[in-house]
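Q: The sequence and its predicted three-dimensional model are supplied below.
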Amino acid sequence: MFRLLVCFSFCVLLLFNACNSPFASKHKGYAAIEFPTKSYQVFNEKGYPYTFEYPSYAQIDNNVNYFGASKKTDSWINIHFPSLGATIYVSYSKMKAQQLDTLIKDAYTFANNHNSKASFISDSLFSAGQGVEGVFFHIGGDVATSYQFFLTDSTTHFFRGALYFDTTPNEDSLAPVNAFLYKDLKHLVTTFRWK
């Protein structure tokens, strides 16, 4: 019994001596993000039926594939924010007769696909002038996309965009980036014009 007690005491003493650094708790938080200075440039490429202003720290990719099919000739683009790990995926449709209701319904369906994770979904109508009208969606919660929108002239053109991040959605950690990019999205839709 004495040997067992000595052995146990020796093991406990060994464990206490093995930890030679003081305990320091780790603080929970997120890394600070340095945002670029806001400045804008014009997207007005030949062959595209629209023009708008987008941030100078973003890159336009017009080599878009959708399920293996090239959409370059359909005026689809992606607006990448490499320093923020975000992309606005843009699709464009030249409307056929009586197609507006279907495209609007699809836009609402895409926004509502996040219902299972969303804490709220709000939509707001807006008019940017010169025949540009649309709806801006704000989706709250740990969702893949916090902002979506569509723009149309109600007869010929339909332009839809959705902001996605290259990371697992976490509303708290993405909140500063979402707030920063929200202003860029609003600038894009207010400067948008049909050619």
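A: Received it, and whenever you're ready, just let me know what you need. Keep in mind that what you see is a predicted model, and the values were worked out from it rather than measured.
Q: What segments of the chain are helices?
A: With helices called from DSSP state H, the chain shows them at 2-18, 100-112, 171-191.
Q: Flag whichever of these has the least confidence on average.
A: Averaged per stretch, pLDDT over the helices of the chain is lowest on helix 2-18, reaching a mean of 62.
Q: Beta-bridge partners for I60, please?
A: I79 (DSSP bridges).
Q: where does the chain have low pLDDT?
A: 1-2, 4-31, 72 (pLDDT under 70).
Q: Which strand runs longest in the protein?
A: If you go by DSSP state E, the chain has its longest strand at strand 118-129.
Q: Which elements pack onto it?
A: helix 100-112, strand 132-141, helix 171-191 (3 or more C-beta pairs under 8 Å, 6 or more residues apart in numbering; DSSP states H and E). Backbone N, C-alpha and C define where each C-beta goes, glycine included.
Q: Would you point to the one among these that's packed deepest?
A: By mean neighbour count, with neighbours taken as mean count of other C-beta atoms under 10 Å, strand 132-141 ranks first of the helices and strands packed on strand 118-129 at a mean of 19.
Q: got the angle for it vs helix 171-191?
A: 180 degrees (axes from the mean of the first three to the mean of the last three C-alpha atoms, to 10 degrees).
Q: which outside residues touch strand 132-141?
A: Outside strand 132-141, the residues that touch it by C-beta atoms under 8 Å, 6 or more residues apart in numbering are 104, 107, 111, 114, 117-128, 145-154, 159, 171, 185-186, 189, 192-194.
Q: roughly how far apart are S154 and V135?
A: Distance of S154 to V135, given as C-beta to C-beta, to the nearest Å: 12 Å.
Q: Over to F150?
A: F150 is 6 Å from V135, by C-beta to C-beta.
Q: tell me, what's touching the two both at once?
A: Contact criterion C-beta under 8 Å, 6+ apart; residues shared by F150 and V135: I104, A107.
Q: show me what contacts the nearest residue to D184 once chain neighbours are set aside?
A: Of all residues beyond its chain neighbours, the one nearest D184 is P55 (5.0 Å), with distances taken as C-beta to C-beta, 6 or more residues apart in numbering. Taking C-beta under 8 Å, 6+ apart as the criterion, P55 is in contact with P36, K38, S39, Y40, Q41, F81, D184, H187.
Q: which residues does P55 bridge with?
A: Y40.
Q: follow-up on the earlier one: from the contacts of P55, list the buried ones, please.
A: With burial judged by 16 or more other C-beta atoms under 10 Å, the buried subset of these is Y40, F81, D184, H187.
Q: Pick the one among those residues closest to F165.
A: Ranked by distance to F165 (C-beta to C-beta), the buried ones among the contacts of P55 are led by F81 at 9.3 Å.
Q: isn't L103 right up against L151?
A: No - using C-beta atoms under 8 Å, L103 is not in contact with L151; the gap is 11.0 Å.
Q: tell me, what's touching those two both at once?
A: F158, R160.
Q: Check the burial of N78 by counting its neighbours.
A: Look at N78: counted by other C-beta atoms under 10 Å, it has 18 neighbours.
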